[in-house]
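Student: Compute the structure for the input listed below.
(one chain, ligands or ions: 1)
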Amino acid sequence: MTSPLAETVLLTGSNRGIGLEFARQLADSVDTLYATCRRPDEAADLRDLADEYASTVRVLPLDVTDADSIEMAHKLVATDSGRVDLLINNAGVNGGGSSDRFETTDAETMMHTYRVNAVGPHLLVQAFADLLRRAGEEGGARVVNITSQLGSIANTRGGTWQSYKASKAALNMCTRLQHGALQQDDVCVVSMHPGWVQTDMGGSNARLTPQESVAGMVDVIDDLSMDDGGRFLTYAGEERPW
Ligand SMILES: NC(=O)c1ccc[n+]([C@@H]2O[C@H](COP(=O)([O-])OP(=O)(O)OC[C@H]3O[C@@H](n4cnc5c(N)ncnc54)[C@H](OP(=O)(O)O)[C@@H]3O)[C@@H](O)[C@H]2O)c1
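Tutor: Next comes the predicted model:
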């Protein structure tokens, strides 16, 4: 193992797509990875990874919209490690994607997308704030909210993916709120755009493989300092407008 990226990492949506690739790349470069997903029993690829890295990877159930599930995960990590050095809020939904237009979007789609993409990540950081602060006291901690450039208000003129865009804009605001609450405890919070990535959400025409996107994000995360807190960065380390 090269020098560890972080001691203890909590990752959401680890069973497929970008989250599974994060789990694969982090398994070898952290001390403990809590790789969470909604249904561990159905997460065959993730469980294979956990078998291969039995001393590092622990698979936990976590639905970011379920307060009990967040509380159970917190209890387990608190007892087991007592700290979280890096929290990656990766889980997300597309909110109807390209068929979600101004004329068609509905309350149910908007609310569900907001709950998964913004409320869940915010409440997860709130719930784990004590364990992040513990790591902050002992050298610094990081929260990475996986957002999208589609959530950039400055760059949006309309179009499809409406619920998704609104939810990621909300997540970006949550990044600034979280950073405001935690920066004095040496917890750095950023929003990060992974690029357009070949996953179920990104589709097969996307520009990047999950390996390329996550390798870039891991490098950016590795280089984060407190001065980066509250910034909106891409997988390549570039700044995006809010
Ligand atoms: N792919 C892209 O081009 C792209 C671009 C910009 C931003 N992003 C962002 O990157 C992140 C990962 O996207 P992806 O492309 O890997 O998407 P994906 O392949 O559709 O995977 C989404 C992940 O989120 C999980 N998830 C959904 N609802 C959840 C909930 N309530 N609780 C916990 N986990 C939940 C899914 O778990 P289940 O299997 O249980 O549904 C799955 O693991 C998302 O935040 C997305 O918005 C992606």
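
Student: What residues does the protein have near the ligand?
Tutor: Contact residues, the chain versus the ligand (C-beta under 6 Å from any ligand atom): 12-13, 15-19, 37-39, 63-65, 90-93, 116, 146, 148, 193-194, 196-197, 199-202, 206. Heads up, the C-betas are built off the backbone N, CA and C, glycines and all.

Student: Could you list the buried residues of stretch 139-151?
Tutor: Gly140, Ala141, Arg142, Val143, Val144, Asn145, Ile146, Thr147, Ser148, Gln149, Leu150, Gly151 (16 or more other C-beta atoms under 10 Å).

Student: make that stretch 177-194, sorry
Tutor: Neighbour-count burial for stretch 177-194 [16+ other C-beta under 10 Å]: 178-179, 182, 185-194.

Student: I'd like to know which of the buried residues of stretch 139-151 are part of helices.
Tutor: Using DSSP state H, no member of the buried residues of stretch 139-151 falls in helices.

Student: What strand or helix carries Phe22?
Tutor: helix 17-26 (DSSP states H and E).

Student: Counting by contacts, list what the next helix or strand after that helix packs against.
Tutor: Counting by DSSP H and E, the next helix or strand C-terminal to helix 17-26 is strand 30-37. Contact analysis of strand 30-37 by 3 or more C-beta pairs under 8 Å, 6 or more residues apart in numbering; DSSP states H and E lists strand 6-11, helix 17-26, helix 44-52, strand 57-61, helix 67-80 as its packing neighbours.

Student: and if we set it to 10 Å?
Tutor: Here strand 30-37 touches strand 6-11, helix 17-26, helix 44-52, strand 57-61, helix 67-80, strand 86-89, going by 3 or more C-beta pairs under 10 Å, 6 or more residues apart in numbering; DSSP states H and E.

Student: If anything else comes up later, I'll come back, but that's it for now.
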